[in-house]
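# got a sequence here, can you model it:
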Amino acid sequence: MTAPAKANAIASFQSVHGIGVACALAAGVWLGAAEAPTKLVNSGLSPYAISLCMVAGVFTARWTVPTLLKGTRYVFADLALNKHLILNAVLAGMLWAVANTLTVFAIRDVGLTIAFPLWNTNSLVGILWGRLLFGELKGASTKNVIKVVLGAVAIVVAAIMLGFSTIQGSGTHASHAVGGVLAAAGASLMWGTMYVPYRKAYISGMNPLSFVTIFTIGELVTCFALVLALDGGTKAAIFHSPETMHLIFWLFLGGFVWVIGDVFQQFATKYLGIGRAIPLSNTNQLWGLAWGALVFGELAHADWQHRLLVVAGSVVMILGAVAVSTAVATARENASINEALLRECCRYNLDYDRVLQSFSSSTPDDRTGTKDQRSWWDYVIVAAAVGAFIYLGSNAKVPSLSMDFAWLSVLVVLLVAAALLSGWGLWKATRFS
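Prediction:
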(Lines give C-alpha, C1' and ligand atoms only; values in the text may rest on other atoms or scores of the structure.)
Protein backbone atom coordinates (compact mmCIF):
# COMPACT_ATOMS: atom_id res chain seq x y z
CA MET A 1 0.00 0.00 0.00
CA THR A 2 1.35 3.43 -0.95
CA ALA A 3 1.82 6.16 1.66
CA PRO A 4 -0.96 8.42 0.22
CA ALA A 5 -3.43 5.52 0.13
CA LYS A 6 -2.60 4.61 3.71
CA ALA A 7 -3.07 8.22 4.82
CA ASN A 8 -6.46 8.39 3.11
CA ALA A 9 -7.57 5.18 4.81
CA ILE A 10 -6.54 6.48 8.24
CA ALA A 11 -8.34 9.78 7.67
CA SER A 12 -11.51 7.97 6.64
CA PHE A 13 -11.49 5.97 9.89
CA GLN A 14 -11.45 9.18 11.90
CA SER A 15 -14.29 10.77 9.89
CA VAL A 16 -16.92 8.27 11.08
CA HIS A 17 -16.33 8.67 14.82
CA GLY A 18 -19.37 10.93 15.27
CA ILE A 19 -21.66 8.47 13.51
CA GLY A 20 -20.47 5.69 15.78
CA VAL A 21 -21.05 7.76 18.93
CA ALA A 22 -24.61 8.63 17.89
CA CYS A 23 -25.39 4.97 17.15
CA ALA A 24 -23.95 3.82 20.47
CA LEU A 25 -25.99 6.33 22.47
CA ALA A 26 -29.19 5.30 20.69
CA ALA A 27 -28.29 1.67 21.34
CA GLY A 28 -28.04 2.45 25.04
CA VAL A 29 -31.56 3.84 25.14
CA TRP A 30 -33.13 0.87 23.36
CA LEU A 31 -31.07 -1.89 24.98
CA GLY A 32 -31.98 -0.44 28.35
CA ALA A 33 -35.67 -0.75 27.59
CA ALA A 34 -35.49 -4.24 26.10
CA GLU A 35 -34.83 -6.02 29.38
CA ALA A 36 -37.85 -4.51 31.14
CA PRO A 37 -40.26 -7.24 29.88
CA THR A 38 -38.13 -9.88 31.61
CA LYS A 39 -39.70 -8.64 34.83
CA LEU A 40 -42.41 -11.11 33.80
CA VAL A 41 -40.23 -13.83 35.30
CA ASN A 42 -42.10 -12.97 38.50
CA SER A 43 -45.29 -14.15 36.81
CA GLY A 44 -44.17 -17.78 36.85
CA LEU A 45 -42.47 -18.37 33.47
CA SER A 46 -39.08 -20.07 33.60
CA PRO A 47 -36.01 -18.09 32.52
CA TYR A 48 -35.58 -20.46 29.57
CA ALA A 49 -39.13 -19.84 28.38
CA ILE A 50 -38.72 -16.09 28.75
CA SER A 51 -35.50 -16.14 26.75
CA LEU A 52 -37.13 -18.25 24.01
CA CYS A 53 -40.09 -15.88 23.73
CA MET A 54 -37.77 -12.89 23.52
CA VAL A 55 -35.71 -14.60 20.83
CA ALA A 56 -38.90 -15.25 18.84
CA GLY A 57 -39.36 -11.48 18.79
CA VAL A 58 -35.68 -11.05 17.98
CA PHE A 59 -35.96 -13.48 15.07
CA THR A 60 -38.94 -11.61 13.66
CA ALA A 61 -37.24 -8.24 14.02
CA ARG A 62 -33.91 -9.36 12.62
CA TRP A 63 -35.58 -10.29 9.35
CA THR A 64 -38.04 -7.40 9.30
CA VAL A 65 -35.75 -4.45 10.09
CA PRO A 66 -33.12 -5.22 7.39
CA THR A 67 -35.96 -5.83 4.94
CA LEU A 68 -37.43 -2.41 5.69
CA LEU A 69 -34.09 -0.60 5.51
CA LYS A 70 -32.32 -2.29 2.58
CA GLY A 71 -34.43 -5.11 1.12
CA THR A 72 -33.62 -8.80 1.06
CA ARG A 73 -31.91 -8.57 -2.35
CA TYR A 74 -29.24 -6.38 -0.78
CA VAL A 75 -28.90 -8.59 2.30
CA PHE A 76 -28.43 -11.82 0.35
CA ALA A 77 -26.07 -10.20 -2.15
CA ASP A 78 -23.95 -8.99 0.76
CA LEU A 79 -23.98 -12.46 2.32
CA ALA A 80 -22.83 -13.92 -1.00
CA LEU A 81 -19.80 -11.62 -0.87
CA ASN A 82 -18.99 -12.74 2.68
CA LYS A 83 -19.75 -16.47 2.83
CA HIS A 84 -16.78 -17.05 5.14
CA LEU A 85 -18.47 -14.95 7.84
CA ILE A 86 -21.81 -16.78 7.99
CA LEU A 87 -20.61 -19.34 10.53
CA ASN A 88 -19.18 -16.53 12.67
CA ALA A 89 -22.58 -14.84 12.75
CA VAL A 90 -24.30 -18.07 13.81
CA LEU A 91 -21.76 -18.63 16.61
CA ALA A 92 -22.24 -15.05 17.81
CA GLY A 93 -25.98 -15.67 17.96
CA MET A 94 -25.43 -18.76 20.08
CA LEU A 95 -23.31 -16.77 22.55
CA TRP A 96 -26.01 -14.12 22.74
CA ALA A 97 -28.73 -16.68 23.48
CA VAL A 98 -26.82 -18.16 26.42
CA ALA A 99 -25.98 -14.69 27.76
CA ASN A 100 -29.57 -13.52 27.46
CA THR A 101 -30.82 -16.56 29.40
CA LEU A 102 -28.32 -15.81 32.15
CA THR A 103 -29.60 -12.23 32.39
CA VAL A 104 -33.10 -13.53 33.08
CA PHE A 105 -31.75 -15.55 36.02
CA ALA A 106 -29.85 -12.48 37.20
CA ILE A 107 -32.95 -10.26 37.05
CA ARG A 108 -34.97 -12.87 38.92
CA ASP A 109 -32.42 -13.16 41.71
CA VAL A 110 -31.13 -9.61 42.16
CA GLY A 111 -33.44 -7.32 40.19
CA LEU A 112 -33.03 -5.24 37.04
CA THR A 113 -31.43 -2.27 38.80
CA ILE A 114 -28.58 -4.42 40.14
CA ALA A 115 -28.16 -6.92 37.31
CA PHE A 116 -27.70 -4.33 34.57
CA PRO A 117 -24.48 -2.76 35.88
CA LEU A 118 -22.98 -6.16 36.65
CA TRP A 119 -23.32 -7.62 33.17
CA ASN A 120 -22.18 -4.34 31.64
CA THR A 121 -18.67 -5.27 32.70
CA ASN A 122 -18.66 -6.93 29.27
CA SER A 123 -16.88 -3.73 28.22
CA LEU A 124 -13.72 -5.03 29.93
CA VAL A 125 -13.91 -8.27 27.98
CA GLY A 126 -14.50 -6.35 24.77
CA ILE A 127 -11.51 -4.06 25.35
CA LEU A 128 -9.27 -7.09 25.87
CA TRP A 129 -10.41 -8.85 22.70
CA GLY A 130 -10.24 -5.63 20.68
CA ARG A 131 -6.61 -5.12 21.71
CA LEU A 132 -5.50 -8.72 21.24
CA LEU A 133 -7.26 -9.54 17.96
CA PHE A 134 -7.80 -6.29 16.09
CA GLY A 135 -5.01 -3.95 17.17
CA GLU A 136 -7.28 -1.50 18.99
CA LEU A 137 -5.21 0.85 21.22
CA LYS A 138 -2.02 -0.32 19.48
CA GLY A 139 -0.12 2.89 18.85
CA ALA A 140 -2.63 4.91 20.89
CA SER A 141 -1.50 8.09 22.63
CA THR A 142 -0.60 7.99 26.32
CA LYS A 143 -3.70 10.08 27.06
CA ASN A 144 -5.96 7.57 25.35
CA VAL A 145 -4.33 4.61 27.07
CA ILE A 146 -4.83 6.30 30.44
CA LYS A 147 -8.48 6.98 29.61
CA VAL A 148 -9.09 3.38 28.66
CA VAL A 149 -7.21 1.89 31.63
CA LEU A 150 -8.79 4.21 34.21
CA GLY A 151 -12.19 3.75 32.63
CA ALA A 152 -11.81 -0.03 32.78
CA VAL A 153 -10.73 0.12 36.44
CA ALA A 154 -13.73 2.33 37.24
CA ILE A 155 -16.06 -0.23 35.65
CA VAL A 156 -14.56 -3.03 37.76
CA VAL A 157 -14.84 -0.96 40.94
CA ALA A 158 -18.46 -0.16 40.13
CA ALA A 159 -19.25 -3.84 39.57
CA ILE A 160 -17.73 -4.71 42.97
CA MET A 161 -19.75 -1.98 44.66
CA LEU A 162 -22.96 -3.16 43.07
CA GLY A 163 -22.26 -6.81 43.85
CA PHE A 164 -21.51 -5.94 47.49
CA SER A 165 -24.67 -3.88 47.79
CA THR A 166 -26.67 -6.85 46.50
CA ILE A 167 -25.20 -9.36 48.91
CA GLN A 168 -25.37 -7.11 51.94
CA GLY A 169 -28.63 -5.42 51.08
CA SER A 170 -31.86 -6.12 52.93
CA GLY A 171 -34.03 -6.27 49.82
CA THR A 172 -36.16 -9.21 48.77
CA HIS A 173 -33.45 -10.51 46.42
CA ALA A 174 -30.69 -10.80 49.06
CA SER A 175 -31.02 -14.55 49.66
CA HIS A 176 -30.37 -15.30 45.98
CA ALA A 177 -27.70 -12.64 45.50
CA VAL A 178 -24.72 -14.93 44.85
CA GLY A 179 -26.51 -16.84 42.08
CA GLY A 180 -27.72 -13.60 40.53
CA VAL A 181 -24.26 -12.04 40.59
CA LEU A 182 -22.71 -15.16 39.01
CA ALA A 183 -25.38 -15.22 36.30
CA ALA A 184 -24.75 -11.56 35.48
CA ALA A 185 -20.98 -12.18 35.39
CA GLY A 186 -21.47 -15.10 33.01
CA ALA A 187 -23.60 -12.92 30.75
CA SER A 188 -20.85 -10.30 30.81
CA LEU A 189 -18.25 -12.83 29.63
CA MET A 190 -20.51 -14.18 26.88
CA TRP A 191 -21.55 -10.77 25.60
CA GLY A 192 -18.00 -9.40 25.69
CA THR A 193 -16.77 -12.32 23.58
CA MET A 194 -19.75 -12.08 21.23
CA TYR A 195 -18.34 -8.84 19.80
CA VAL A 196 -15.34 -10.62 18.30
CA PRO A 197 -17.37 -12.03 15.36
CA TYR A 198 -19.00 -8.59 15.01
CA ARG A 199 -15.71 -6.82 14.55
CA LYS A 200 -14.28 -9.53 12.30
CA ALA A 201 -17.31 -9.21 10.03
CA TYR A 202 -17.06 -5.45 9.71
CA ILE A 203 -13.34 -5.27 8.99
CA SER A 204 -14.12 -7.74 6.20
CA GLY A 205 -16.70 -5.39 4.66
CA MET A 206 -19.94 -7.04 5.79
CA ASN A 207 -22.98 -4.84 6.38
CA PRO A 208 -24.35 -4.99 9.97
CA LEU A 209 -27.87 -5.60 8.64
CA SER A 210 -26.70 -8.72 6.82
CA PHE A 211 -24.80 -9.94 9.87
CA VAL A 212 -27.79 -9.69 12.21
CA THR A 213 -30.00 -11.56 9.75
CA ILE A 214 -27.82 -14.69 10.06
CA PHE A 215 -27.00 -14.01 13.71
CA THR A 216 -30.58 -14.77 14.67
CA ILE A 217 -30.37 -18.38 13.46
CA GLY A 218 -27.82 -19.17 16.17
CA GLU A 219 -30.00 -17.40 18.75
CA LEU A 220 -33.19 -19.28 17.92
CA VAL A 221 -31.61 -22.72 17.67
CA THR A 222 -29.77 -22.29 20.97
CA CYS A 223 -32.83 -21.08 22.86
CA PHE A 224 -34.88 -24.02 21.60
CA ALA A 225 -32.09 -26.37 22.63
CA LEU A 226 -31.99 -24.86 26.16
CA VAL A 227 -35.73 -25.31 26.60
CA LEU A 228 -35.67 -28.87 25.29
CA ALA A 229 -32.65 -29.86 27.42
CA LEU A 230 -33.26 -27.97 30.67
CA ASP A 231 -36.89 -26.89 30.85
CA GLY A 232 -38.96 -30.03 30.37
CA GLY A 233 -38.35 -30.80 26.72
CA THR A 234 -41.41 -31.01 24.50
CA LYS A 235 -43.57 -31.01 27.64
CA ALA A 236 -42.34 -27.55 28.69
CA ALA A 237 -45.14 -25.26 29.81
CA ILE A 238 -44.31 -22.68 27.18
CA PHE A 239 -45.46 -25.11 24.45
CA HIS A 240 -48.70 -26.24 26.11
CA SER A 241 -49.98 -23.96 28.86
CA PRO A 242 -52.74 -21.56 27.68
CA GLU A 243 -51.99 -19.45 30.75
CA THR A 244 -48.75 -18.26 29.17
CA MET A 245 -50.34 -16.95 25.96
CA HIS A 246 -51.18 -13.53 27.38
CA LEU A 247 -47.54 -13.07 28.46
CA ILE A 248 -45.84 -13.99 25.20
CA PHE A 249 -46.66 -10.71 23.48
CA TRP A 250 -44.70 -8.65 26.00
CA LEU A 251 -41.61 -10.83 25.74
CA PHE A 252 -41.96 -10.90 21.96
CA LEU A 253 -42.08 -7.10 22.06
CA GLY A 254 -39.01 -7.02 24.32
CA GLY A 255 -37.06 -9.02 21.76
CA PHE A 256 -38.16 -6.66 19.00
CA VAL A 257 -37.07 -3.63 21.03
CA TRP A 258 -33.73 -5.27 21.74
CA VAL A 259 -33.06 -5.69 18.02
CA ILE A 260 -33.57 -1.97 17.37
CA GLY A 261 -30.91 -1.26 19.99
CA ASP A 262 -28.64 -3.97 18.67
CA VAL A 263 -28.79 -2.65 15.10
CA PHE A 264 -27.53 0.71 16.38
CA GLN A 265 -24.90 -1.10 18.44
CA GLN A 266 -23.76 -3.07 15.40
CA PHE A 267 -23.14 0.13 13.46
CA ALA A 268 -21.38 1.61 16.51
CA THR A 269 -19.08 -1.42 16.67
CA LYS A 270 -18.36 -1.02 12.99
CA TYR A 271 -17.39 2.64 13.25
CA LEU A 272 -15.84 2.83 16.75
CA GLY A 273 -14.41 -0.63 17.39
CA ILE A 274 -15.14 -3.00 20.27
CA GLY A 275 -13.25 -1.15 22.99
CA ARG A 276 -15.14 2.08 22.46
CA ALA A 277 -18.56 0.96 21.22
CA ILE A 278 -19.32 -1.37 24.11
CA PRO A 279 -18.65 1.11 26.94
CA LEU A 280 -20.62 3.84 25.21
CA SER A 281 -23.60 1.62 24.45
CA ASN A 282 -23.40 0.48 28.06
CA THR A 283 -25.08 3.72 28.96
CA ASN A 284 -28.03 1.34 28.73
CA GLN A 285 -27.25 0.84 32.41
CA LEU A 286 -28.72 4.27 33.09
CA TRP A 287 -31.84 3.39 31.14
CA GLY A 288 -32.10 0.03 32.87
CA LEU A 289 -31.85 1.86 36.18
CA ALA A 290 -34.60 4.23 35.04
CA TRP A 291 -36.93 1.37 34.07
CA GLY A 292 -36.21 -0.61 37.21
CA ALA A 293 -36.45 2.26 39.68
CA LEU A 294 -38.98 4.62 38.08
CA VAL A 295 -41.35 2.21 36.35
CA PHE A 296 -41.11 -0.92 38.53
CA GLY A 297 -40.18 0.73 41.84
CA GLU A 298 -37.29 -1.62 42.60
CA LEU A 299 -35.68 0.82 45.04
CA ALA A 300 -38.91 1.83 46.76
CA HIS A 301 -38.22 -0.20 49.90
CA ALA A 302 -34.42 -0.20 49.90
CA ASP A 303 -32.55 1.34 52.85
CA TRP A 304 -30.37 4.39 52.29
CA GLN A 305 -27.09 2.41 52.29
CA HIS A 306 -28.42 0.13 49.58
CA ARG A 307 -29.57 3.06 47.48
CA LEU A 308 -26.29 4.90 47.97
CA LEU A 309 -24.22 1.95 46.79
CA VAL A 310 -26.47 1.38 43.78
CA VAL A 311 -26.40 5.05 42.74
CA ALA A 312 -22.67 5.47 43.41
CA GLY A 313 -21.82 2.27 41.57
CA SER A 314 -23.94 3.31 38.62
CA VAL A 315 -22.32 6.75 38.44
CA VAL A 316 -18.80 5.32 38.67
CA MET A 317 -19.56 2.78 35.96
CA ILE A 318 -20.89 5.40 33.58
CA LEU A 319 -17.93 7.71 34.21
CA GLY A 320 -15.63 4.82 33.40
CA ALA A 321 -17.54 4.10 30.20
CA VAL A 322 -17.38 7.77 29.20
CA ALA A 323 -13.63 7.86 29.80
CA VAL A 324 -13.09 4.85 27.55
CA SER A 325 -15.41 6.01 24.80
CA THR A 326 -13.98 9.54 24.56
CA ALA A 327 -10.52 8.19 23.81
CA VAL A 328 -10.73 9.09 20.12
CA ALA A 329 -8.39 6.97 18.03
CA THR A 330 -5.22 8.69 16.82
CA ALA A 331 -3.63 8.29 13.40
CA ARG A 332 -1.15 5.71 14.73
CA GLU A 333 -3.92 3.60 16.25
CA ASN A 334 -5.96 3.80 13.06
CA ALA A 335 -2.88 2.63 11.17
CA SER A 336 -2.87 -0.58 13.25
CA ILE A 337 -6.59 -1.05 12.52
CA ASN A 338 -5.82 -0.66 8.83
CA GLU A 339 -3.22 -3.41 9.20
CA ALA A 340 -5.88 -5.69 10.68
CA LEU A 341 -8.12 -4.92 7.72
CA LEU A 342 -5.31 -5.74 5.30
CA ARG A 343 -4.73 -9.07 7.06
CA GLU A 344 -8.38 -10.01 6.61
CA CYS A 345 -8.26 -9.08 2.93
CA CYS A 346 -5.15 -11.18 2.37
CA ARG A 347 -6.47 -14.12 4.38
CA TYR A 348 -9.77 -14.34 2.46
CA ASN A 349 -8.67 -12.84 -0.86
CA LEU A 350 -10.98 -9.81 -0.50
CA ASP A 351 -10.97 -6.61 -2.53
CA TYR A 352 -9.22 -4.12 -0.23
CA ASP A 353 -10.77 -1.01 -1.82
CA ARG A 354 -14.29 -2.42 -1.48
CA VAL A 355 -13.72 -3.49 2.12
CA LEU A 356 -12.17 -0.14 3.05
CA GLN A 357 -15.11 1.77 1.59
CA SER A 358 -17.60 -0.41 3.44
CA PHE A 359 -15.72 -0.34 6.74
CA SER A 360 -14.68 3.26 7.04
CA SER A 361 -16.47 5.53 4.62
CA SER A 362 -19.60 7.50 5.45
CA THR A 363 -20.30 7.76 1.71
CA PRO A 364 -23.19 5.54 0.61
CA ASP A 365 -22.07 2.69 -1.63
CA ASP A 366 -23.73 0.17 -3.92
CA ARG A 367 -21.18 -2.62 -3.70
CA THR A 368 -23.83 -5.33 -4.04
CA GLY A 369 -25.31 -3.90 -7.24
CA THR A 370 -28.89 -4.16 -5.96
CA LYS A 371 -29.62 -0.46 -5.27
CA ASP A 372 -31.85 -1.40 -2.34
CA GLN A 373 -34.51 -2.84 -4.64
CA ARG A 374 -37.61 -4.26 -2.96
CA SER A 375 -39.17 -7.55 -4.02
CA TRP A 376 -42.68 -8.83 -3.46
CA TRP A 377 -41.47 -11.18 -0.75
CA ASP A 378 -40.13 -8.21 1.22
CA TYR A 379 -43.66 -7.00 1.70
CA VAL A 380 -44.74 -10.52 2.69
CA ILE A 381 -42.06 -10.60 5.40
CA VAL A 382 -43.19 -7.26 6.81
CA ALA A 383 -46.86 -8.29 6.65
CA ALA A 384 -46.09 -11.55 8.47
CA ALA A 385 -44.33 -9.64 11.26
CA VAL A 386 -47.25 -7.24 11.65
CA GLY A 387 -49.66 -10.18 11.66
CA ALA A 388 -47.66 -11.91 14.42
CA PHE A 389 -47.87 -8.79 16.57
CA ILE A 390 -51.59 -8.40 15.98
CA TYR A 391 -52.26 -12.06 16.83
CA LEU A 392 -50.17 -12.05 20.00
CA GLY A 393 -51.42 -8.61 21.01
CA SER A 394 -55.05 -9.71 20.73
CA ASN A 395 -54.35 -12.35 23.39
CA ALA A 396 -52.23 -10.14 25.63
CA LYS A 397 -53.08 -8.79 29.06
CA VAL A 398 -51.36 -6.12 31.08
CA PRO A 399 -49.10 -8.02 33.50
CA SER A 400 -50.05 -7.98 37.16
CA LEU A 401 -47.01 -5.96 38.11
CA SER A 402 -46.87 -2.64 39.89
CA MET A 403 -45.88 -0.03 37.29
CA ASP A 404 -45.80 3.75 37.13
CA PHE A 405 -47.52 4.50 33.81
CA ALA A 406 -46.55 8.18 33.83
CA TRP A 407 -42.84 7.31 33.83
CA LEU A 408 -43.54 4.51 31.37
CA SER A 409 -44.97 7.06 28.91
CA VAL A 410 -41.99 9.39 29.33
CA LEU A 411 -39.48 6.61 28.65
CA VAL A 412 -41.38 5.42 25.58
CA VAL A 413 -41.30 8.93 24.12
CA LEU A 414 -37.55 9.07 24.68
CA LEU A 415 -37.18 5.70 22.98
CA VAL A 416 -38.92 6.89 19.84
CA ALA A 417 -37.03 10.17 19.77
CA ALA A 418 -33.65 8.45 20.07
CA ALA A 419 -34.43 6.07 17.23
CA LEU A 420 -35.72 8.77 14.91
CA LEU A 421 -32.84 11.18 15.46
CA SER A 422 -30.02 8.64 15.31
CA GLY A 423 -31.65 6.66 12.52
CA TRP A 424 -32.07 9.79 10.42
CA GLY A 425 -28.41 10.71 10.94
CA LEU A 426 -27.23 7.22 10.03
CA TRP A 427 -29.41 7.11 6.92
CA LYS A 428 -28.30 10.56 5.77
CA ALA A 429 -24.62 9.70 6.14
CA THR A 430 -24.51 6.06 5.02
CA ARG A 431 -27.93 4.93 3.73
CA PHE A 432 -27.43 2.13 6.30
CA SER A 433 -24.49 0.75 4.31
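# below-threshold pLDDT in the chain: ranges please.
1-15, 38-44, 112-113, 116, 159-160, 162-176, 243, 360-373, 399 (pLDDT under 70).
# check which residues of stretch 342-356 are buried.
For stretch 342-356, burial by neighbour count (16 or more other Cβ atoms under 10 Å) applies to Leu342, Glu344, Cys345, Leu350, Tyr352, Val355, Leu356. In this view, the C-beta of every residue, glycine as well, is placed from N, C-alpha and C.
# wait, what's in contact with the second one?
The reference is to Glu344. Lys200, Ile203, Ser204, Leu350, Val355 (Cβ atoms under 8 Å, 6 or more residues apart in numbering).
# surely Ser46 meets Phe239?
No. Here Ser46 lies out of contact with Phe239, judged by Cβ atoms under 8 Å, at a distance of 11.9 Å.
# now Pro66. Nearest residue, chain neighbours left out?
Distances taken as Cβ to Cβ, 6 or more residues apart in numbering place Leu209 nearest to Pro66, at 3.9 Å, with adjacent residues excluded.
# name the SS class of that neighbour, please.
Three-state call for Leu209 (DSSP: H, G, I helix; E, B strand; the rest coil): helix.
# count of neighbours near Ala340?
18 (other Cβ atoms under 10 Å).
# number of nearby residues for the closest residue in space to Leu69 that isn't next to it in sequence?
Of all residues not flanking Leu69 in the chain, Phe432 sits nearest, at 4.8 Å (Cβ to Cβ, 6+ apart). Here the number of neighbours of Phe432 (other Cβ under 10 Å) works out to 20.
# and if you look at Val410?
14.
# check the gap between it and Phe252 for me.
Noted for Val410: a distance of 23 Å to Phe252, by Cβ to Cβ, to the nearest Å.
# which residues does stretch 75-90 contact?
So stretch 75-90 is in contact with 66-67, 197, 200-201, 204-207, 209-215, 217-218, 348, 367-370, going by Cβ under 8 Å, 6+ apart.
# how far does it sit from the chain's center?
20 Å (Cα atoms, centre = their mean, to the nearest Å).
# now that stretch: buried residues?
Neighbour-count burial for stretch 75-90, counted by 16+ other Cβ under 10 Å, picks out Val75, Ala77, Asp78, Leu79, Leu81, Asn82, His84, Leu85, Ile86, Asn88, Ala89, Val90.
# Ala154 contacts Val322, correct?
No. Applying Cβ under 8 Å, one finds Ala154 not in contact with Val322, separated by 9.3 Å.
# assess the claim that Val98 and Met190 are in contact.
Yes. If you go by Cβ under 8 Å, Val98 and Met190 touch, sitting 5.5 Å apart.
# so which helix or strand takes in Lys138?
Counting by DSSP states H and E, no helix or strand carries Lys138.
# tell me the contacts of the residue nearest to it when sequence neighbours are not counted?
Of all residues not flanking Lys138 in the chain, Ser336 sits nearest, at 3.9 Å (Cβ to Cβ, 6+ apart). Ser336 sits next to Gly135, Glu136, Lys138, Gly139 when contact means Cβ under 8 Å, 6+ apart.
# let's see that with 6 Å instead.
For Ser336, the contact set (Cβ atoms under 6 Å, 6 or more residues apart in numbering) comprises Gly135, Lys138, Gly139.
# the residue nearest the centre of the chain is in what secondary structure piece?
The chain has Asp262 as the residue nearest its centroid, 4.0 Å off, counting by Cα atoms, centre = their mean. Assigned by DSSP H and E, Asp262 belongs to helix 245-272.
# got the residue ranges for the strands in the protein?
With DSSP state E as the definition, the chain shows no strands.
# out of Val98 and Met190, which sits in the more crowded spot?
Applying other Cβ under 10 Å to Val98 and Met190 shows that Met190 carries more neighbours, namely 22 against 19.
# end to end on stretch 67-86, go ahead and measure it.
Distance between the two ends of stretch 67-86: 18 Å, counting by Cα to Cα, to the nearest Å.
# Tyr379: neighbour count?
Other residues close to Tyr379 by other Cβ under 10 Å number 11.
# quick one, what contacts it?
Counting by Cβ under 6 Å, 6+ apart, Tyr379 has no contacts.
# next: Ala418.
By Cβ under 6 Å, 6+ apart, the neighbours of Ala418 are Ala26, Val29.
# going forward, the N-terminal residue is numbered 50.
Okay, residue one is now 50; in that scheme the one you just asked about reads as Ala467.
# quickly note the distance from it to Ser482.
Distance from Ala467 to Ser482, counting by Cβ to Cβ: 21 Å.
# just give the closest residue to Ala203, not the sequence neighbours.
Closest residue to Ala203 apart from its sequence neighbours, by Cβ to Cβ, 6+ apart: Gly369 at 2.9 Å.
# surely the one you found and Val205 touch.
No. Gly369 is beyond contact range of Val205, at 8.3 Å (criterion: Cβ atoms under 6 Å).
# what about the two, which has more around it?
Gly369 (28 against 15).
# okay, that one and His66: tell me how far apart.
For Gly369 relative to His66 (Cβ to Cβ), the value is 20 Å.
# all set, thanks.
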